[in-house]
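Engineer: Give me the fold of what follows.
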Amino acid sequence: MKQSKCANDSADSVALYLSRPLLALALSLYIQSGVKYILTQGDSILITTMATLPEQGAYALASNYGGLVARMILQPIEESSRFLFARLCSSPGGLKRTEPDISHAQVILRDIIKAYNILALLSWTIGPSLAPRLLQLLVGRKWTDTGAGDVLAIYCYYIPLLAINGVTEAFVSAVATSADLQRQSVFMGAYFFGFASAAYIFLGVLGLGAQGLVWANCVNMVLRILFNGRYILTFFGGIGQVSFQ
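Structural biologist: Residues are numbered from 1 along each chain as shown. As a prediction, this is how the structure comes out:
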């Protein structure tokens, strides 16, 4: 009896210091981080099982150089946007749906997406022809002859999608409830199967090698952007603000 009483007292004392909603949110974020890690490492698993060694090297070189843009430019914008959207659209007590703050967040999100769309047009029109030449200047013809330049050219289609997904996902993670994050984690698991199916088609059926893996990543980004876009429209539609023109 004394042991049971001590256990109950201990549980009650822990409950005083820990917030159940905060614990639920932390668990949802933990699960989501695990799913994101699987998605991030999914291309590494697929490239090692479905591509030759030269194709793996070409993909590694192109993804490392292409990833510099994401790490140096896109990631800081994504992180700062997440904190800004969280400050404008939520508070420690839950969602704070004050019209000026929500309108401000909508304007910021709209302007960032518009800027990314302009950059996407430049990347999709100029990037594929410019990227192989830049890679040749950086690493020489030895690596560009392996096909890394062609993979980097396809990467120019992937980076704008990565940028749009980053900022929209930052908004979703900033304003979503614990239930919303759990639903997003489930969808991310489904996206992995979509990504794996696209990779099988591009690599196994069409034989595109490392280029096919980048195209599969593009498919994955499009699916995630569609989910984020639907959530954002639902969020602003619930408070009567849906204009993104």
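Engineer: How far off centre is stretch 218-233?
Structural biologist: 9 Å (CA atoms, centre = their mean, to the nearest Å).
Engineer: Just the buried residues of it, please?
Structural biologist: 218-221, 223-225, 227-229, 231-232 (16 or more other CB atoms under 10 Å). (Each C-beta comes from the backbone N, C-alpha and C, glycine too.)
Engineer: repeat for stretch 161-180
Structural biologist: By neighbour count on 16+ other CB under 10 Å, the buried set for stretch 161-180 is 161-176, 178, 180.
Engineer: Could you do stretch 193-201 as well?
Structural biologist: Residues 194-196, 198-199 are the ones in stretch 193-201 that count as buried (16+ other CB under 10 Å).
Engineer: which helix in the chain runs the most residues?
Structural biologist: In the chain, with assignment by DSSP state H, the single longest helix is helix 99-139.
Engineer: what's it packed up against?
Structural biologist: helix 53-69, helix 75-89, helix 141-144, helix 148-175, helix 210-237 (3 or more CB pairs under 8 Å, 6 or more residues apart in numbering; DSSP states H and E).
Engineer: Would you tell me which of these gets closest to Met188?
Structural biologist: Checking the helices and strands packed on helix 99-139 against Met188 by CB to CB gives helix 210-237 as the closest, at 7.4 Å.
Engineer: circling back: can you give the distance of the longest helix of the chain from its chain's centre?
Structural biologist: Counting by CA atoms, centre = their mean, helix 99-139 comes out at 15 Å from the chain centroid.
Engineer: And for Arg224, nearest residue in space, chain neighbours not counted?
Structural biologist: Nearest-residue entry for Arg224: Asn165, 5.0 Å, with adjacent residues in sequence omitted and distances by CB to CB, 6 or more residues apart in numbering.
Engineer: so who does the one you found touch?
Structural biologist: Residues near Asn165 by CB atoms under 8 Å, 6 or more residues apart in numbering: 221, 224-225, 228.
Engineer: ok, of the residues you listed, which one's closest to Ile102?
Structural biologist: Among these, and counting by CB to CB, the member closest to Ile102 is Asn228, at 17.2 Å.
Engineer: what about that closest one, distance to Leu208?
Structural biologist: 27 Å (CB to CB, to the nearest Å).
Engineer: so which of the buried residues of stretch 193-201 comes closest to Gly127?
Structural biologist: Among the buried residues of stretch 193-201, and counting by CB to CB, the member closest to Gly127 is Ala198, at 21.3 Å.
Engineer: List the residues that contact the closest one.
Structural biologist: Going by CB under 8 Å, 6+ apart, Ala198 touches 215-216, 219-220.
Engineer: List the buried residues of stretch 70-87.
Structural biologist: Judged by neighbour count (16+ other CB under 10 Å), stretch 70-87 contains these buried residues: 70, 74, 77-78, 81-82, 84-86.
Engineer: I should have written stretch 115-123 there, sorry.
Structural biologist: For stretch 115-123, by 16+ other CB under 10 Å, it's 116, 119-120, 123.
Engineer: what's the closest of the residues you listed to Gly237?
Structural biologist: The closest of the buried residues of stretch 115-123, once distances to Gly237 are taken by CB to CB, is Tyr116, at 22.0 Å.
Engineer: Let's see the pLDDT reported for the closest one.
Structural biologist: Note for Tyr116: predicted pLDDT of 92.
Engineer: what angle do the strand or helix carrying Arg183 and helix 148-175 make?
Structural biologist: Per DSSP states H and E, Arg183 falls inside helix 178-199. On the basis of axes from the mean of the first three to the mean of the last three CA atoms, to 10 degrees, helix 178-199 is oriented at 160 degrees to helix 148-175.
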